[in-house]
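I'll drop the sequence and a predicted model, then ask my questions.
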Amino acid sequence: MATLSVLAVVGSLAEQMGGPSRTVPLLCRALLDLGVQVEIVTTTAGLGSEGRPSHCAEVPATLVPCWYSPRTRVVWAPGFRRSLRERLAARAACILHDNGLWMQTNHDTAVLARRQRVPRVLSPRGMVTAWALQHKAWKKGLAWRLYQKRDLVDATAFHATSDDEAACLRRLGLSQPIAVVPNGIEVPPQVSRPSAPAGPRVLLFLSRVHPNKGLLNLVRAWAEVRPKDWRCVIAGPDEDGHRAEVERAVRDAGVESEFSFAGPVQEARKWDLFARADLFVLPSFSENFGLVVGEALAAGVPVITTHGTPWRELVTQRCGWWVDVGAEPLAAALREAVSCSDAERAEMGQRGRRLVEEKYSWPAVAQQMKALYEWVLGGGPAPGCVQART
């Protein structure tokens with residue numbers, strides 16, 4: 001077989017645009033280490049004058065100029081299909097790996113793959129969960145009828161980051177093969193935590209401040225428990241003006257002195273926040289993977305999250321709490337978590353770090369994705385990560 005060549009399509013590399021802007025370049029970097037010829041084709045959406053973030057620096061990328069509205073997150077790149085066609089023409093034995101749904105970049109990729117008979121692997125990246133499909137449902141319903149259904153049906157294979165996401169694809173009636181391969185997770189250097197830290201303990205939330213993330217439930221749970229000598233830090237970019245709604249809920253609950261809002265966080269500060277946290281929370285309604293859960297575990301921080309994420313291993317590996325969506329289950333988990341000693345939480349964090357080191361390293365993930373690409377191009381026995389066509 002000729003050298004494997006992959007064009008990875010993602011809407012943006014800007015960190016504020018969500019998980020794929022980070023995980024796609026990191027996957028590509030790990031694929032390069034395996035000898036795969038890989039290039040990212042994306043837009044300039046959300047990128048400032050500094051250009052590509054540091055985690056993308058080692059990966060070849062074509063950045064297509066675009067018009068971008070931060071408020072609505074609409075991206076329009078009229079030259080995207082042409083640029084993708086040009087990059088495709090420069091490569092042999094190529095596969096298209098498309099990430100996400102609904103965006104112009106996704107539709108352009110599907111159209112080009114269909115016209116040029118190029119195999120296309122599609123990673124929905126959380127866009128097929130029930131919650132995601134209901135959010136702005138009228139717009140998605142229109143897009144579904146116009147193009148999105150056909151674009152899904154025409155995909156050669158799917159990549160899901162969890163069994164839950166694979167089940168969501170099957171519920172849409174899609175019968176193609178699905179490879180279930182988790183996101184990789186970076187493991188930072190081991191952090192030495194003081195045995196008796198000064199000041200209040202810290203519960204950290206670090207993600208987009210978006211209605212899907214369940215922050216209003218978190219405020220209600222916190223107001224019910226009111227843990228003594230603890231404070232809650234909310235970090236991440238505001239979306240749809242949701243931060244103002246959360247701040248209002250904090251004021252209405254009378255817990256302003258126990259909450260702080262850190263705003264958007266760059267990469268270096270992210271790991272500093274994890275290092276200072278005693279507990280991490282992601283109270284989401286739905287996540288295809290929940291990368292920040294894995295990052296918290298990699299930093300040695302125990303986690304509270306919901307059944308809206310696929311992180312049942314928090315229970316099986318004894319490194320956190322995995323509870324029903326809602327304020328009451330969150331309150332019960334929070335009450336139990338803050339009643340643990342510092343030593344008990346530290347032991348949970350170390351078990352979580354070992355889980356990430358053993359299962360979620362980028363080299364292991366890249367090996368599975370390479371096997372998927374080779375199988376899609378060349379046939380033969382399906383790799384173990386692939387669920388057969390139904």
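All right, it came through fine.

now for the helix or strand containing Ala364, which elements pack on it?
Under the criterion of DSSP states H and E, Ala364 resides in helix 362-378. Applying 3 or more Cβ pairs under 8 Å, 6 or more residues apart in numbering; DSSP states H and E, one finds that helix 362-378 contacts helix 20-33, strand 94-99, strand 120-123, strand 157-160, strand 178-180. Any C-beta I mention is one placed from the backbone N, CA and C, and that applies to glycine too.

Now do it and strand 94-99, the angle between them.
Between helix 362-378 and strand 94-99, the angle comes out at 130 degrees (axes from the mean of the first three to the mean of the last three Cα atoms, to 10 degrees).

chain center to helix 362-378, what's the gap?
19 Å (Cα atoms, centre = their mean, to the nearest Å).

Reformat the helices and strands packed on helix 362-378 as JSON lines; add mean neighbour count and distance to Arg73.
Listed next are the helices and strands packed on helix 362-378 as JSON lines, based on neighbours: other Cβ atoms under 10 Å; distance: least, Cβ to Cβ, whole Å:
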{"stretch": "helix 20-33", "mean neighbour count": "22", "distance to Arg73": "12"}
{"stretch": "strand 94-99", "mean neighbour count": "25", "distance to Arg73": "15"}
{"stretch": "strand 120-123", "mean neighbour count": "26", "distance to Arg73": "19"}
{"stretch": "strand 157-160", "mean neighbour count": "25", "distance to Arg73": "23"}
{"stretch": "strand 178-180", "mean neighbour count": "23", "distance to Arg73": "27"}
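
between these, which gets nearest to Arg335?
helix 20-33 (32.8 Å; Cβ to Cβ).

what sits up against that closest one?
Defining contact as Cβ atoms under 8 Å, 6 or more residues apart in numbering, one finds that helix 20-33 is touched by 6, 8, 10-15, 38-40, 46, 53, 55-56, 58-59, 61, 99-100, 123, 125, 183-184, 186, 291, 362-363, 365-366, 369-370.

Can I get the host helix or strand of Phe205 in PDB, CA atoms only?
Here Phe205, judged by DSSP H and E, is contained in strand 201-206. Extracted in PDB, the C-alpha atoms of strand 201-206 (Å, rounded to 0.1, in the frame of the first residue of the first chain):
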ATOM      1  CA  ARG A 201     -10.500  24.100  48.700                       C
ATOM      2  CA  VAL A 202     -11.400  24.600  45.100                       C
ATOM      3  CA  LEU A 203     -14.100  23.000  42.900                       C
ATOM      4  CA  LEU A 204     -13.200  23.800  39.300                       C
ATOM      5  CA  PHE A 205     -15.400  23.900  36.200                       C
ATOM      6  CA  LEU A 206     -13.400  24.400  33.000                       C
END
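
Just the residues contacting it, thanks.
By Cβ under 8 Å, 6+ apart, the residues outside strand 201-206 that reach it are 213, 215, 218, 222, 227, 229-236, 265, 270, 273-274, 276-283, 292, 296, 301, 334, 338, 342.

mind listing what it pairs with, with the direction of each?
strand 230-235 (parallel), strand 279-282 (parallel) (DSSP bridges).

okay, these, which one's buried deepest?
strand 279-282 (a mean of 27; mean count of other Cβ atoms under 10 Å).

who does the helix or strand following that strand touch, helix- and strand-wise?
Sequence-wise, the next helix or strand downstream of strand 279-282 (DSSP H and E) is helix 291-298. The criterion is 3+ Cβ pairs under 8 Å, 6+ apart, and the helices and strands that helix 291-298 contacts are strand 201-206, helix 267-276, strand 279-282, strand 303-306, helix 342-359.

Next, the contact list for Gly19, please.
If you count contacts by Cβ under 8 Å, 6+ apart, then Gly19 has Arg125, Gly126, Asn183, Phe289, Leu291 around it.

my bad, Ser284
For Ser284, the contacting residues are Ser207, Asn212, Lys213, Gly214, Gly290, Thr305, Thr306, Gly308, Thr309, Val325, by Cβ under 8 Å, 6+ apart.

repeat for Arg150
Ala110.

Quickly find the element holding it.
Arg150 belongs to helix 149-153, assigned by DSSP H and E.

mind saving the C-alpha coords of that helix as CSV?
Output of helix 149-153 as CSV, limited to C-alpha atoms (Å, rounded to 0.1, in the frame of the first residue of the first chain):
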residue,chain,number,x,y,z
LYS,A,149,-29.1,13.6,6.2
ARG,A,150,-27.6,12.8,2.8
ASP,A,151,-24.2,13.8,4.0
LEU,A,152,-24.4,11.4,6.8
VAL,A,153,-25.8,8.6,4.7
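
Next, the buried residues of it.
Asp151, Leu152 (16 or more other Cβ atoms under 10 Å).

Could you double-check that Leu133 sits in contact with Lys140?
Yes. If you go by Cβ atoms under 8 Å, Leu133 and Lys140 touch, sitting 6.2 Å apart.

Let me know the closest of the contacts of Gly19 to Leu314.
Phe289 (13.5 Å).

For the closest one, give me its contacts.
Phe289 touches Gly19, Gly126, Thr161, Ser162, Glu165, Pro182, Asn183, Thr309, Pro310, counting by Cβ under 8 Å, 6+ apart.

Outline the domain layout of this structure.
5-184+361-387, 201-359 (automatic domain parsing).

chain center to the longest one: distance?
The offset between the C-alpha centroid of domain 5-184+361-387 and the centroid of the whole chain comes to 13 Å, using Cα atoms, centre = their mean.

just the shortest one next, same as before
Centroid separation for domain 201-359 versus its chain: 15 Å, with Cα atoms, centre = their mean.

Between the two ends of it, how far is it?
29 Å (Cα to Cα, to the nearest Å).

average pLDDT for that domain?
Averaging pLDDT along domain 201-359 yields 95.
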